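Enquirer: Just the structure for this:
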Amino acid sequence: MLKLHEKSRNDTVATMADLGRRARAAARPLAIATTAAKNAALAAMAQAIIARERAILDANANDIANGHEAGLSASSMDRLKLNPARIRAMAEGIREIAELGDPVGDVIASWERPNGLRIERVRTPLGVIGVIYESRPNVTADAGALCLKAGNPVILRGGSDSLNSSSVIHACLVDGLKAAGLPQDAIQLVPTTDRVAVGEMLKGLGGNLDVIIPRGGKSLVERVQTEARVPVFAHLEGICHLYVDRSAKLDMAVGIAVNAKMRRTGICGAAETLLVDRAVASTHLVPILDALRAAGCEIHADAEVLKLFFDAKPATDADWVTEYLDAIIAVKLVDGIDNAIEHIETFSSHHTEAIVAEDAQAVERFFNEIDSAILLHNASTQFADGGEFGMGAEIGIATGKMHARGPVGVEQLTSFKYRVRGSGQVRP
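Expert: Got it, this is the predicted structure:
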């Protein structure tokens, strides 16, 4: 006779296997769905989200209350919280995805061989995608819409802290699929908070899962990267750097530094380390740090910075490798572009880095010599976002080098196949 926890585990395993089979069954009809049908579904999803704003907010209020009771961090609470503006942004993000070109069927390249064979490389859906995420209920909408546009069924496993919000949002997505006559199993939400569900996804759901995308904290991503038996698109951390060069305009440097750190401290594109060229320490450093402190930021400074700015804590070795996701920044003086590049390449997580400079040579060296997924010149690191890149929403940022890097949007959610047209050729 099964004990209760054994029965529960078996139930979860069976549930996940069923989700995988249903997603695989939806793959072919979704892969051949017309652009018009997918866009109609997306439009209906956006409309449903706006129409159910009150229901989403009520569900989110329950999640927020549970989050407070569970002692979630301030950054997690910020990611969890929805309001009318964020709900409208969710709907608008889905509409923007509908307006994007349909990548499925795009001819990436074509050529003709001397024997007359005509060869085309054509975009195709990746297959069944699993998305595992924490806190952010908006990922339910973003991931569902992006996967749909790229012709991929998706299984969404949101965090237990956002299950109420995600469930209502998911219902809106299913309404859109129904309205357009597309398979309802194209977007499925894991209905349990049992951690066994994650383990089953990492095993690949009996061969039915083709790709996993984790979106959450370091412990989640580490587990996925360590245990997954299918390919993973992910970044482990967002240790993002902002470098202020000796040629930087002071006002611009101040504005970018405050925005890069303080606009939203809990996102992966928030700046965590500020590097300032020693040549402008006397003119640029204190105004930048004064502005950050005025915005509520805690400064962790190296010994040289502490001599010039007293309202700071001494930085330790750990500060250069910490993703704070909070109103804290590590600050260091460097000897120009050479030292800045050396520091970034030593401590970066290869997510996003920015330079504030007017010296074109310094900018080109920054762009050419730093190996991160996103590099910016005279702009905030907070632009590290698929929506800001004109890609609609994004599922996340990938820092690996295989298949997808940077914001993962509709094109990154496709693979390709070759179509070869002949006229009777045989190989000698």
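
Enquirer: So which elements touch the helix or strand encompassing Gly144?
Expert: When elements are defined using DSSP states H and E, Gly144 is found to belong to helix 138-149. Applying 3 or more CB pairs under 8 Å, 6 or more residues apart in numbering; DSSP states H and E, one finds that helix 138-149 contacts helix 35-51, helix 84-99, strand 129-133, strand 154-157, helix 163-180, strand 187-189. Quick note: C-beta positions are derived from backbone N, CA and C, even for glycine.

Enquirer: what about the residue nearest to Asp194 when sequence neighbours are not counted, how many residues close to it?
Expert: In space, Asp194 comes closest to Thr12 once its chain neighbours are excluded; the distance is 4.5 Å by CB to CB, 6 or more residues apart in numbering. Close neighbours of Thr12, defined as other CB atoms under 10 Å, add up to 21.

Enquirer: Check which helices and strands the helix or strand Thr12 falls within is in contact with.
Expert: When secondary structure is defined by DSSP H and E, Thr12 falls within helix 4-31. Using 3+ CB pairs under 8 Å, 6+ apart as the contact criterion, the secondary-structure elements in contact with helix 4-31 are strand 118-125, strand 154-157, strand 187-189, helix 196-203.

Enquirer: thinking again about what came up before, where does the residue nearest to Asp194 land on pLDDT?
Expert: Thr12 is assigned a predicted lDDT (pLDDT) of 93.

Enquirer: hang on, the earlier thing: export the helices and strands packed on helix 138-149 to TSV and append columns for mean neighbour count and mean pLDDT.
Expert: Below are these laid out as TSV (neighbours: other CB atoms under 10 Å; pLDDT from 0 to 100):
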stretch	mean neighbour count	mean pLDDT
helix 35-51	20	98
helix 84-99	18	94
strand 129-133	27	95
strand 154-157	26	97
helix 163-180	22	98
strand 187-189	24	98
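
Enquirer: can you redo these as JSON lines with distance to Gln382?
Expert: What follows is the helices and strands packed on helix 138-149, written out as JSON lines (distance: least, CB to CB, whole Å):
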{"stretch": "helix 35-51", "distance to Gln382": "24"}
{"stretch": "helix 84-99", "distance to Gln382": "15"}
{"stretch": "strand 129-133", "distance to Gln382": "20"}
{"stretch": "strand 154-157", "distance to Gln382": "25"}
{"stretch": "helix 163-180", "distance to Gln382": "24"}
{"stretch": "strand 187-189", "distance to Gln382": "29"}
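
Enquirer: Ok, which of the ones you listed comes nearest Val244?
Expert: Taking CB to CB as the criterion, Val244 comes closest to helix 84-99 out of these, the separation being 30.7 Å.

Enquirer: pLDDT on stretch 405-424, on average?
Expert: Summarised as a single mean, pLDDT over stretch 405-424 is 91.

Enquirer: Now do the helix holding Gly144: distance to the chain's middle.
Expert: Between the centre of helix 138-149 and the centre of its host chain there is 12 Å, according to CA atoms, centre = their mean, to the nearest Å.

Enquirer: Dump stretch 371-380 to PDB, restricted to CA.
Expert: Output of stretch 371-380 as PDB, limited to C-alpha atoms (Å, rounded to 0.1, in the frame of the first residue of the first chain):
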ATOM      1  CA  ASP A 371      32.700  38.700 -24.600                       C
ATOM      2  CA  SER A 372      29.200  39.300 -23.200                       C
ATOM      3  CA  ALA A 373      25.900  38.700 -24.800                       C
ATOM      4  CA  ILE A 374      24.900  42.400 -24.800                       C
ATOM      5  CA  LEU A 375      27.100  45.400 -25.000                       C
ATOM      6  CA  LEU A 376      25.800  49.000 -24.800                       C
ATOM      7  CA  HIS A 377      27.400  52.400 -25.500                       C
ATOM      8  CA  ASN A 378      26.000  55.500 -23.800                       C
ATOM      9  CA  ALA A 379      22.900  53.700 -22.700                       C
ATOM     10  CA  SER A 380      21.600  52.000 -19.600                       C
END
